[in-house]
Structure formats: structure tokens, C-alpha cells
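> Show me how the following folds:
(one chain, ligands or ions: 2)
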Amino acid sequence: MALPSTIQAAQAHLGEGLPTSLIAAASQQHPKPINQTFTYGTAGLRTRADILDSTCFRVGLIGALRSKKLKGKTIGLMVTASHNPEQDNGVKMVDPRGEMLEATWEPFCTQVANASTDEELIASLEKIISHFKIDLSAPASVIVGYDTRPSCKQLVQAIIDGLSALGAHTIDAGLKTTPQLHYLVKCINTEGTPESYGEPSEQGYYRKLAAAFLKLVPASSDVPPLVVDCANGVGAYALTNLIKYLPEDRIAFRPMRTSTTTPGALNNNCGADYVKTNQCLPAGFEKENLQPGERFCSFDGDADRIVYYYLTGPASSKDSFRLLDGDKIASLAAGYLSELVTAAGIELELGCVQTAYANGSSTKYLKQRAPVTCTPTGVKHLHHAAEAYDIGVYFEANGHGTVLFSPSAQRKIKEATPNSPAAQTALEQLGALVDLINQTVGDALSDMLLVEVILRTRQWGPAEWDGAYEDLPNKILKVNVKDRFMFKTEDAERRLTSPPGLQERIDELVGKYKDARSFVRPSGTEDCVRVYAECAIASELAPLANGVAKLVSDYAALG
Ligand SMILES: CC(=O)N[C@H]1[C@@H](OP(=O)(O)O)O[C@H](CO)[C@@H](O)[C@@H]1O
Ligand SMILES: [Mg+2]
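Ligands and ions are numbered 1, 2, ... in the order given. Sure thing, here's the model as predicted:
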């Protein structure tokens, strides 16, 4: 396997119990900061990097146990804080099929991270072992990847110390995007089986994506380069490598914001989150030679999200900016895939999965074409719901998403007998798309190539794509409250059940505006409550959003 380095090839087979003195001795090197509490949430464990050392060491211990529980299947640990500022960091666990950690483990991770003494730490590990009936003599294998943050090196060392204390076989994947690590985990666990997901190496990842893309897109000289804002993060490194596998006459790129070693540059006034939140170009872009109609996209800090955008006029005018977010990508992908399935002459149910943050216009557009499911925020919910369809298209509005082809859909695509040359072409294209799309998790690079394939096939520019539907004006506000957990929701977070009475007040306010919708939920990643609002008339948006935010503050003060 061509992975960078294997830190400890020898498997230490543990006997009956935990090596408690070894763990305690290693733990002394990674003391937990006092008065800090950690939570394993939607994005794993994420906070300021300077207080994360003990947490990373402990996640190493848990990673080893998770792998032992799964009889030595390789699990992944990714060190990143995605779109957060550079001084933050975090760690996420990846399960053997390349998916997020099984949710039942999350509270145990939180407990281990918060144990305040070595005795408590050992006790919390023992709890995991007995709860999940883990055989400690089973082998353990863990692959660790990290993004470009300066704090990663030290935090990865802490993880490795945790893994070593439990004798886990440790693979250092090096600098990786989050989706590359998910890809590697799935490849390692399926290597040599009929379900093999690909070559378990970074080069294998580029080769798989590039080979699929080249099958789908003919040579063309008149498509302008795609301008890519890499958020000054690991996406810059990955894009530079991917480009080596894609001849310029098939697709050309203009990578921007690629300063991965400039202090403070990561995600600073650029990247997918900045562009989506502010609905404007990355800072400084307007000084570049940008043309109306040119295609732009932005990755986030760990390259698992992407948004597109374009200009309808001069870059200096804010009114020229048009966003093509996750909802627009979902609509583009769902439309194209449905047509291919019809052309291929096979029966497959395509469905879409969104969250409450999806623009109402996108939901209306999709519902006219396919079944649509709404789930709570967080990719694990969307991913799970998408598995219910033969082809499940899932995207969060912020650009995190992918397309899943069920095992039976993949079989049908492979084994169908085409009844016409057009059906044969459609089947071949579907087969290539199965390879082009990273089905383990949302992937900025893979999603970017998918969008490019569709635009090229349809001979569309961004304006034609944008023409599918018109977004309703919308806004997300953050409200800081004393206790965000007093806000409880139901119906996929679309309605509040607590504090009592607040939902009725919101309904009353929403009723005053045309085609309006608003909902309130506590953030899973930040200490705030989020207010979403949309309505048909742009000038009514601020009064609606601010009105709901005011209600939230008032009720929070009462509680
Ligand atoms: C409105 C919004 O964009 N929320 C984001 C954000 O979650 P919150 O629970 O809203 O903080 O971070 C999540 C993890 O990255 C992402 O899945 C989600 O879409
Ligand atoms: Mg991310």
C-alpha cells in the first residue's frame, strides 16, 4: 500500500485488561486543561487548538478501541477545524465505510474528553469497553490525516501517543483533505474485495477522479478556466495535485487563495463559508481581472464543501454577484441524473435530501421532480436519509453534500442490457459518475468535477444553470443567549417545542410577510442560536429576521 508512513507496524495484542499504567504515564504528557469542557458534536470535537492536546491524545485511545470493536478494521482520524479560524482545530472520527462515527459512540467520546483525572479517564475507557463488549485482544488499525493548520503537527503527535498506548497499528496519511481521508479509509477496508472502492493512496484518489472525468468530458478549447478560491487551505494542495492528472484541453483552472503557509490566511475573508454567509466575492477578488459569466467556486478549509458563483456585471458592484450554493448544485445534479436514468431505460428511484436551511424555491423546484426528505442539520443525518433511495442526492445549502448510489443501483447500472445506442451511452455515463462522485462524504474536488461535467454536457454557463429557479431572499442570524439548550426543536428542526409559546409568536410574525418562512435552532457547533428567515420581498427580509431574533432574545432572557 503506497501510504506515506506506517508508524507502528507491530500489532500489540493486549491481554485481559487495559494497560492502565501505560495509559496513565502517557496521559501525564497530555494533561487536560482545567475548567474546560469538550463536546463531540456535529463536527467532532472542535475548539481552540491550544486547549486540544489532551483531547487528541484521548481520541487516539478511543480510535484504537473503535477499531478493536470492529475486529481491526481501519478507522480514520482527521485533524481539522474546517472553515473555523486558523487558531481553532478539531478532530473527527471516520468509520470503516468512510462514514462519520456511529452516533452511539459520541457521548462516550465526550465523557472521555472531559475526564478530569487519570482514574476517571481509565474508568471512562472501561465503560466503553464494557458497554460495547470490546475484545481488547483484537487488533487495531487507525489512519490519521490533517489539514494545513500550524497546530496540526503537535495534535497529531498527541493522537499517535494515544494510539501507541493501546498498541494500535498507525498509518500517518499526512496532509489530506477531509474527503481524501474518508476515501482512504473506505479503500483500505475494501481492498482486495469485490466492493473495492479504489487504490488506497492519494494518487489513487486523483487517478480515480480524473479517469472518470475524462470519460465524461470531451476535449474542448473554448471553455474558460474555472477560478477556484482554495481558502488558503489544504484544498490548494489537493487541487494542484489533481491538475496534474487533468490535461488542460479538457479542463483548465485558475487556482486562487493558495497561500497555505501564510500565517492567519486560512479561511480569512475567503472560502466557501465566507462566500455563502456574506453572499459576496472573496475579499480582494474584485481587483482581479474577472469577467461577467466566468465560473468561480470556493472550497472551505478542509475541502469538503463547495459553492459556485458568477457575476452578471462589474465585479465592483455587489448587485452583480450571484451565488450557486449547495441547493443549486443539488438541483443541477438531480436534474441531470434523472435524465440519464430515463435515457438508460432502467428503473431507479432518485430522491433528494435537504435540511430546513434549503431555500424554499429549491425545495419547490426539486419536489416537482423527485421525492424530497428534510433532515436535521449535520451531514450524518442527510447521508443516512439519502441511503433510502437508489440514487440519493444530498446537499446542505452551505455546499456540503454528495450523491449516493445504492449497491443495487450500482449493480443495475453495471449489468443492464441497453436497448439502444443512446441507452448504452447513458449507462456508460452513469457508470463513470459512480466513480467520479466521492460517495463517502461531501467532497469539494469531486463535486466541482461533477458540476463541470454537467455544465459541459448541457453546454451551459453559470447563468443557464442559475435559471432553474430564483432563490427567495434569505438570511441567517446568530443570537447569543445564556443557555442555547433551552431551545428545543421538532419536525427536522423546523419548529420549536421550547421555550413554550415562542413558536406561536414566530408563526404570528411570519404570517405577516409574503411567502415567508423562519425557524430557530441551537447551533451544534457554536455557542449561539441560529435564526433563519426567507420571504418573497427583499425589503421585508430584515424586519422578519430581526423580529424573530428579537423574540428569541426576549424569551431567552425570561428563561
Ligand atoms: C447553518 C449552517 O450552515 N450550519 C452548519 C454548522 O452547523 P450548526 O449546528 O448550525 O452550527 O456546521 C455544521 C458542521 O460543519 C454543518 O453541517 C451545518 O450545516
Ligand atoms: Mg469543512
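
> all contacts plus neighbour counts: C-alpha atoms, from now on.
Noted.

> Now do the helix or strand that contains Leu332: which elements does it pack against?
For Leu332, the host element (DSSP states H and E) is helix 326-344. With contacts taken as 3 or more CA pairs under 8 Å, 6 or more residues apart in numbering; DSSP states H and E, helix 326-344 sits against strand 350-355, helix 360-367, strand 391-395, helix 421-436, helix 444-458.

> so what's the closest residue to ligand 2 within the chain up against?
Residue of the chain nearest ligand 2, by CA to the ion: Ser82 (4.0 Å). Counting by CA atoms under 8 Å, 6 or more residues apart in numbering, Ser82 touches 300-303.

> now those in TSV, with secondary structure and neighbour count?
As requested, those are exported to TSV (DSSP: H, G, I helix; E, B strand; the rest coil; neighbours: other CA atoms under 10 Å):
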residue	secondary structure	neighbour count
Asp300	coil	31
Gly301	coil	33
Asp302	coil	32
Ala303	coil	32
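
> could those go into CSV alongside distance to ligand 1 and pLDDT?
Formatted as CSV, the contacts of Ser82 follow (distance: CA to the nearest ligand atom, whole Å; pLDDT from 0 to 100):
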residue, distance to ligand 1, pLDDT
Asp300, 10, 98
Gly301, 11, 98
Asp302, 10, 98
Ala303, 11, 98
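
> Neighbours of the residue nearest to Glu126 when sequence neighbours are not counted, how many?
Leaving aside its chain neighbours, Glu126 sits nearest to Leu18 (7.8 Å; criterion: CA to CA, 6 or more residues apart in numbering). By other CA atoms under 10 Å, 17 other residues sit near Leu18.

> Quick check: bridge partners of His169?
Ser141 (DSSP bridges).

> try Arg254
Val227.

> And Gln279, how close does it get to Arg322?
Applying CA to CA, to the nearest Å, the value for Gln279 to Arg322 is 8 Å.

> try Lys367
For Lys367 relative to Arg322 (CA to CA), the value is 23 Å.

> Those two: who's more crowded?
Arg322 (18 against 14).

> On the three-state scheme, that one is what?
strand (DSSP: H, G, I helix; E, B strand; the rest coil).

> That one reaches Leu311, doesn't it?
Yes - counting by CA atoms under 8 Å, Arg322 touches Leu311, with 6.0 Å between them.

> Could you check how far stretch 313-330 is from the centre of its chain?
21 Å (CA atoms, centre = their mean, to the nearest Å).

> can you check stretch 35-49 too?
17 Å.

> Please work out which residues outside it touch it.
81, 87-93, 106-107, 109-110, 113-114, 151, 378-379, 524-525.

> try 6 Å this time
87-92, 106, 110, 114, 378 (CA atoms under 6 Å, 6 or more residues apart in numbering).

> which of those tops the neighbour count?
Neighbour-wise, the contacts of stretch 35-49 (other CA under 10 Å) top out at Val91, 28 neighbours.

> Beta-bridge partners for that residue, please?
Leu45, Val79.

> how about the helices and strands packed on helix 326-344 in a markdown table, adding mean pLDDT and distance to ligand 1?
As requested, the helices and strands packed on helix 326-344 are exported to a markdown table (pLDDT from 0 to 100; distance: least, CA to the nearest ligand atom, whole Å):
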| stretch | mean pLDDT | distance to ligand 1 |
| --- | --- | --- |
| strand 350-355 | 98 | 8 |
| helix 360-367 | 98 | 15 |
| strand 391-395 | 98 | 9 |
| helix 421-436 | 98 | 23 |
| helix 444-458 | 97 | 14 |
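
> Please work out which of these is packed deepest.
Using mean count of other CA atoms under 10 Å, the stretch among those with the largest mean neighbour count is strand 391-395, at a mean of 29.

> tell me which element the residue in the stretch 51-200 of the chain that ligand 1 sits nearest to falls in.
Across the stretch 51-200 of the chain, the shortest distance to ligand 1 (CA to the nearest ligand atom) belongs to Ser82, at 7.3 Å. Counting by DSSP H and E, no helix or strand carries Ser82.

> Give me the residues contacting the longest helix along the chain.
For the chain, the longest helix by residue count, based on DSSP state H, is helix 538-558. Under the criterion CA under 6 Å, 6+ apart, residues 473, 533 lie in contact with helix 538-558.

> tell me which residues in that helix are buried?
Neighbour-count burial for helix 538-558 flags 540-542, 544-545, 548-549, 551-552, 555-556 (criterion: 16 or more other CA atoms under 10 Å).

> Same check on stretch 403-420?
For stretch 403-420, by 16+ other CA under 10 Å, it's 403-406, 409-410, 412-413, 418.

> Kindly confirm my reading that Lys478 is in a helix.
No - read with three-state DSSP, Lys478 is strand and lies in no helix.

> Return the residues in contact with the residue lying closest to it once chain neighbours are set aside.
Excluding its sequence neighbours, the residue lying closest to Lys478 (CA to CA, 6+ apart) is Arg530, at 4.8 Å. Applying CA under 6 Å, 6+ apart to Arg530 gives the contacts 477-478, 520-521.

> Would you mind measuring from Arg530 to ligand 1?
Arg530 sits 7 Å away from ligand 1, going by CA to the nearest ligand atom, to the nearest Å.

> Quick check: which element contains that residue?
Per DSSP H and E: strand 529-534 holds Arg530.

> Go through that strand and flag the buried ones.
529-534.

> repeat for stretch 275-282
275-276, 279-282.

> Stretch 479-487 too?
Applying 16+ other CA under 10 Å to stretch 479-487 flags 479-481, 484-487 as buried.

> For Leu332, which non-adjacent residue is closest in space?
Trp465 (7.1 Å).

> Could you tell me whether that neighbour really is in a helix?
Yes - counting by three-state DSSP, Trp465 is part of a helix.

> distance of it from Gln459?
Taken as CA to CA, the span from Trp465 to Gln459 is 10 Å.

> what about these two, which has more around it?
Trp465 (19 against 11).

> Kindly provide the distance from the more buried one to Asp319.
Counting by CA to CA - Trp465 and Asp319 are separated by 18 Å.

> Tell me who's in contact with the closest residue to Thr377 other than its chain neighbours.
Computed as CA to CA, 6+ apart, the closest residue to Thr377 that is not its neighbour in sequence is Thr355, at 5.9 Å. Residues in contact with Thr355 (CA under 6 Å, 6+ apart) are 374-377.

> mind redoing it with 8 Å?
If you count contacts by CA under 8 Å, 6+ apart, then Thr355 has 374-377, 382, 396-397, 492 around it.

> In helices only, show me these.
Using DSSP H, the contacts of Thr355 in helices are Leu382.

> Near Ala140, how many other residues are there?
Ala140: 28 neighbours (other CA under 10 Å).

> surely it meets Gly76?
No - with contact defined as CA under 8 Å, Ala140 does not reach Gly76; the gap is 11.4 Å.
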